[in-house]
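Okay, predicted coordinates and the sequence, questions at the end:
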Amino acid sequence: MQTTRRAWLMSTALAAGLAGCGFELRKPPRYAFSTLYSSIPIVSPFGVKLKRSLESSGQVEVINDPRQIERAEVIFDQLFELREKVVVGRTSTGAIREFQLRLRYRFRVRSRNGIELIPDTEITLNRDINFNETGALSKESEEALLYKDMENDLVLQIQRRLAAIRQN
């Protein structure tokens, strides 16, 4: 009886402390627009992830058909996407020991009237990967997983930038 009362008091004190410090769970982003035209190709896995992520909020409709661009309040222009694999480490014999995977993505966002809401922006993501000849096939699948992780990170960064848009 005494321990349950102590546990209840401790949990109440902890909850009051968290509420008092301003702690709050992350909420889904709020967007200042309800329709967005995306120039990302429909077959792009990244484009599918971004569209799914934006539409899952229930606030934004993503339009991919260029014939319906006039319906969009905001236009998302993909300027380029580049994947690079750079050697960053070698053994004393010259064999490759470490790679760096890079994903460079450039975009801009403008209103239907042509007003620039997010200027030409480049996001660069890097991941390091060790390499050895014996596990070449497993490293290939690890590389694919790392690129997928970078794409997920990129989607979140773009969502945060889109949520920061304030239209007048």
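Received it, and whenever you're ready, just let me know what you need. Numbering: from 1, shown residues only.

where do the strands sit along the protein?
35-38, 61-63, 74-90, 96-111, 116-130 (DSSP state E).

Residues contacting the first one, please?
Think strand 35-38. Around strand 35-38, the neighbours that count as contacts under C-beta atoms under 8 Å, 6 or more residues apart in numbering are 47, 50-51, 54, 60-64, 66, 68-69, 71-76, 78, 162. From N, CA and C alone the C-beta is placed, and that goes for glycine too.

Equivalent analysis for the shortest one, please.
With C-beta under 8 Å, 6+ apart as the contact definition, strand 61-63 has outside contacts at S34, T35, L36, Y37, S38, L50, K51, L54, E55, I69, R71, A72.

Can you report how many residues lie near the second one?
The reference is to T35. Using other C-beta atoms under 10 Å, the number of residues around T35 comes to 16.

Give me the pLDDT value at it.
On pLDDT, T35 comes in at 94.

roughly how far apart are it and L162?
Look at T35 and L162: by C-beta to C-beta, to the nearest Å, they are 12 Å apart.

shared neighbours of those two, anything?
V74.

just to revisit the earlier point, buried only: go through the contacts of strand 35-38 for me.
47, 50-51, 54, 60-63, 72-76, 78, 162 (16 or more other C-beta atoms under 10 Å).

Which among the strands of the chain is found nearest to E142?
Proximity to E142 (C-beta to C-beta) singles out strand 116-130 among the strands of the chain, at 6.3 Å.

Now do the buried residues in the lengthiest helix in the chain.
Longest helix of the chain, by residue count under DSSP state H: helix 136-163. With burial defined by 16+ other C-beta under 10 Å, the residues of helix 136-163 counted as buried are 139, 142-143, 146-147, 150-151, 154-155, 158-159, 161-162.

quick one: it to chain centroid distance?
8 Å (C-alpha atoms, centre = their mean, to the nearest Å).

Which elements pack onto it?
helix 45-55, strand 74-90, strand 96-111, strand 116-130 (3 or more C-beta pairs under 8 Å, 6 or more residues apart in numbering; DSSP states H and E).
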